[in-house]
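> Return atomic coordinates for the entry below.
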Amino acid sequence: MVSGEAPQPGEDPAEAGHGAPMRQREILAQFEAAIAGLRTREIQIGLRQLLGDSVPPRTAETVTIPPDARAPGYSGNGNGAGTDTGRTPVEAGPPGPHATYGTRPGREAAPVTGLIDAIRTPSARRQMQRLTEDAELERPSQVDATTAAHMVRPYTWLLNWVGPEGIRLTEAGHLPPAQVTEAMCELNLAADGHGRRENQVRGVRQLRESAQAMGLLRKQRRQLLLTARAGELRSDPPALWWHLAERMPLRSAAAGEVQPGLVLLICFAARSTDTLHATIARMLSAIGWMNSDGSPLSGEDAARVTSCTETVLRRLGALADDPCPGYAPRPTPEGVAFARAALRTWPRPGD
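Numbering: from 1, shown residues only. Below you'll find the model as predicted:
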């Protein structure tokens, strides 16, 4: 059709010749809104649409879970977890006649693509491409209520423990000794340190710090308080599971943990952890990371810069118990599903 002609009867105006400018104006309006909100992913999509208008619309990914704890077939055990009869815990097949828990957009693997593009060494880039293929990020990310409750139990317990009234902290800003002891007993964290001070029990400190980093707790005038979002999530394990996944890799005080954390999650999603820290060190070195003295990163260096993200994975039960000290961590099936969910939802809108 020649531009300017009226569309024929039954013809969609958006496909008519004069519909293209309308389509461009619509995309431009969306693009301008994304700029105003600094939504970088939408900005990228808008640019590609303006230049080629060939990007298909994003599809929604449905997350399915079994009926809630009041439904037949599920019984809570009083500690935030439960037993489910005959349901697949993670990565089930096509949605069946279950209750639907929200939707998650089927985003393109933008952070992974950007990470691959940043790798300068051809062999390292090929290795990362293979890991990305093995990660199967196109697969839907699903979690059922039982699995979510089991994985997020440390955070649910912590949020319920802090409660609406909050907890009074010590002069140094730590949890009081009595609370540290209680957390060690309730969450089986005695192996993570000895003593009654928070700075002596690494597991308790890391749990509290990660909850703060992920927007669940806040400090105010020597009080540890729930955030408004935490108040909504502490009674909804699947929603809390997604909240945690969307905030991984964990952004700690060291801003440089994002790239290492992404590599870590890709290795987990690909079930490739036999040489986990050596692989992370190789990828970071190929991106341009190095020590302050100019030496290449070692596996120990990689373990250090991914420690916060790996700690959260351990708290969630995403790593199998190590059969022998010193062996590489192995992801559980639930950990693989969580890593995929984290990668598919990164970055969050507004990041």
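> and the gap between Asn291 and Arg247?
To Arg247, Asn291 is 28 Å away according to C-beta to C-beta, to the nearest Å. The C-beta positions use only the backbone N, C-alpha and C, and glycine is treated the same way.
> Tell me which of the two has more neighbours.
Each of Asn291 and Arg247 has its neighbours counted (other C-beta atoms under 10 Å); Arg247 has more, 20 against 11.
> isn't that one right up against Leu216?
No. Contact status for Arg247 versus Leu216: not in contact, 9.3 Å apart, counting by C-beta atoms under 8 Å.
> What residues sit buried inside stretch 273-283?
Across stretch 273-283, burial judged by 16 or more other C-beta atoms under 10 Å covers Thr273, Leu276, His277, Thr279, Ile280, Ala281, Arg282, Met283.
> Am I right that Lys219 falls within a strand?
Yes. Counting by DSSP: H, G, I helix; E, B strand; the rest coil, Lys219 is part of a strand.
> Give me the number of neighbouring residues for it.
Lys219, neighbours per other C-beta under 10 Å, totals 13.
> Just the pLDDT at it, thanks.
With respect to pLDDT, Lys219 scores 92.
> Show me what it is bridged to.
Here Lys219 sits in beta bridges with Leu224, going by DSSP bridges.
> and it, what is it in contact with?
Listed by C-beta atoms under 8 Å, 6 or more residues apart in numbering, the contact partners of Lys219 are Leu169, Gly173, Gln212, Leu225.
> what's the closest non-adjacent residue to the third one?
Going back to what we said before, that points to Gln212. Arg218 (6.6 Å; C-beta to C-beta, 6 or more residues apart in numbering).
> In strands only, show me the contacts of Lys219.
Of those, the ones assigned to strands by DSSP state E are Leu225.
> Can you give me the pLDDT of Pro176?
Model confidence at Pro176, given as pLDDT, is 89.
> So what's the residue count around the closest residue in space to it that isn't next to it in sequence?
The shortest distance from Pro176 to any non-neighbouring residue, by C-beta to C-beta, 6+ apart, is to Thr170 (6.0 Å). Applying other C-beta under 10 Å, we find 13 other residues in the vicinity of Thr170.
> Settle this for me: Thr170 is touching Val180, isn't it.
No. Look at Thr170 against Val180 with C-beta under 8 Å: they stay out of range, at 10.0 Å.
> ok, back up a step: tell me how far the residue nearest to Pro176 lies from Gly294.
42 Å.
> And for Met151?
41 Å.
> Report the separation between the two terminal residues of stretch 221-230.
In stretch 221-230, first residue to last residue: 19 Å (C-alpha to C-alpha, to the nearest Å).
> Then stretch 241-260?
22 Å.
> Now it: buried residues?
241-252, 257-260.
> Which members of those define the maximum pairwise distance?
Trp241 and Gln259 (24.2 Å; C-beta to C-beta).
> list the helices and strands the strand or helix carrying Val258 packs on?
Element membership of Val258 [criterion: DSSP states H and E] is helix 258-269. Contacts defined by 3 or more C-beta pairs under 8 Å, 6 or more residues apart in numbering; DSSP states H and E place helix 258-269 against helix 110-118, helix 122-135, helix 276-287, helix 307-315, helix 333-344.
> Report the angle between the first one and helix 122-135.
In this case it means helix 110-118. 160 degrees (axes from the mean of the first three to the mean of the last three C-alpha atoms, to 10 degrees).
> Which neighbouring elements make contact with helix 110-118?
Using 3+ C-beta pairs under 8 Å, 6+ apart: helix 110-118 touches helix 122-135, helix 258-269, helix 276-287.
> tell me the angle of the first one relative to helix 258-269?
So the one you mean is helix 122-135. Using the same axes, to 10 degrees: helix 122-135 against helix 258-269 is 50 degrees.
> packing partners for helix 122-135?
Against helix 122-135 (3+ C-beta pairs under 8 Å, 6+ apart) you get helix 110-118, helix 258-269, helix 276-287, helix 333-344.
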